[in-house]
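>>> return a 3D structure for these sequence lines:
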Amino acid sequence: LFRSALAAPEVDPDTLALQQGFDALSAKDFDGAVAKAQEIIARFEGERKPDAAYVCASGGPDTLTQLFGAALAKDKGEKVPDTTVAVSSNICDAYFLKGFALVDLGRHAEALPNLETAIAMDPDNTHYLNELGEWYKTARQWDRSLAFFTRASETSDLSLDYLDDKAEAKRVRNDRLCRSYRGISFSQSELHHWDEARAALKKCLAIYPNDPGSLNEMTYIAEQSGKDR
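From the prediction side, this is the model:
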């Protein structure tokens with residue numbers, strides 16, 4: 001059984017809370033951001049059925065794609081719940097917001113399961129994947145950070161494919177790609193894999209030739225490795 005539980009935006013009680021949460025984050029009111037995110041999470045978890053899988057979708061086409069992916073996994077014999085429910089992307093954004101704000105509060109261990117939940121429900125969200133890569137980078141777990149930045153760089157975010165503004169979708173996709181490549185490079189540098197670190201930065205510079213972060217990192221790599229670009 002596959003169905004959609006997407007609420008109409010005009011009656012969705014989570015939209016306002018999510019906006020208030022991100023406003024609080026922008027104002028560096030991290031406790032306020034956590035509280036607003038938790039409002040949404042509490043409503044969702046209060047109605048969540050233990051025998052169903054949940055996926056986040058940002059609209060009609062994305063909903064169909066997510067549900068089709070669940071059906072395909074079941075057809076392949078993968079162990080998945082009999083019922084898959086598509087819910088508003090607000091739910092995943094709430095978990096992400098809570099995790100992000102907890103990081104800013106220095107509560108890193110508490111942040112991790114929230115970031116992981118967001119990705120479990122929206123596995124092709126490259127913004128979430130990059131942020132989890134950052135979490136592991138902060139924890140100095142270089143192999144793990146490398147894995148998530150690499151996964152982000154190789155993932156196509158379906159929500160961007162369905163944006164009406166194609167120029168904006170391309171900008172967001174390129175920005176996230178560059179962030180992934182810089183993350184890969186940083187992790188490879190910490191592992192002293194200089195050639196791999198340099199190759200990742202070159203991919204970002206192919207998108208944004210004057211990207212200052214990549215250029216600075218190139219200089220650092222040259223200094224540390226004793227090898228020019």
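>>> now do P50, the pLDDT please.
pLDDT for P50: 86.
>>> buried stuff in the helix ranked longest in the chain?
The residue-count maximum for a helix in the chain (DSSP state H) belongs to helix 166-190. Within helix 166-190, the residues scored as buried using 16 or more other Cβ atoms under 10 Å are 169, 172-173, 176-189. Where you see a C-beta, it was placed from the backbone N, CA and C, and this is true even at glycine.
>>> likewise stretch 47-60?
In stretch 47-60, counting by 16+ other Cβ under 10 Å, buried: 53-58.
>>> what are the boundaries of the helices in this structure?
14-26, 30-47, 60-75, 89-104, 108-121, 126-138, 142-153, 158-161, 166-190, 194-207, 212-225.
>>> quick check: which ranges of the protein have low pLDDT?
1-11, 58-81, 227-229 (pLDDT under 70).
>>> before we move on, back to that, reformat the buried residues of stretch 47-60 as a markdown table; add distance to T117.
Output for these, formatted as a markdown table (distance: Cβ to Cβ, whole Å):
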| residue | distance to T117 |
| --- | --- |
| A53 | 12 |
| Y54 | 10 |
| V55 | 12 |
| C56 | 10 |
| A57 | 16 |
| S58 | 17 |
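>>> for the residues you listed, which one is nearest R107?
C56 (23.6 Å; Cβ to Cβ).
>>> the closest one reaches V85, doesn't it?
No. Counting by Cβ atoms under 8 Å, C56 does not reach V85; the two are 10.2 Å apart.
>>> can you work out which residues contact both of these two?
Shared contacts of C56 and V85 (Cβ atoms under 8 Å, 6 or more residues apart in numbering): none.
>>> got a list of what the nearest residue to Q188 once chain neighbours are set aside touches?
Excluding the flanking residues, the one nearest Q188 by Cβ to Cβ, 6 or more residues apart in numbering is A197, at 3.8 Å. Listed by Cβ under 8 Å, 6+ apart, the contact partners of A197 are 184-186, 188-189, 217, 221.
>>> would CSV of the residues you listed with distance to D104 be doable?
Listed next are the contacts of A197 as CSV, based on distance: Cβ to Cβ, whole Å:
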residue, distance to D104
I184, 24
S185, 24
F186, 20
Q188, 26
S189, 25
E217, 24
I221, 29
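>>> between the residues you listed, which sits nearest L105?
Distance to L105 across those (Cβ to Cβ) is lowest for F186, with 23.4 Å.
>>> much appreciated, bye for now.
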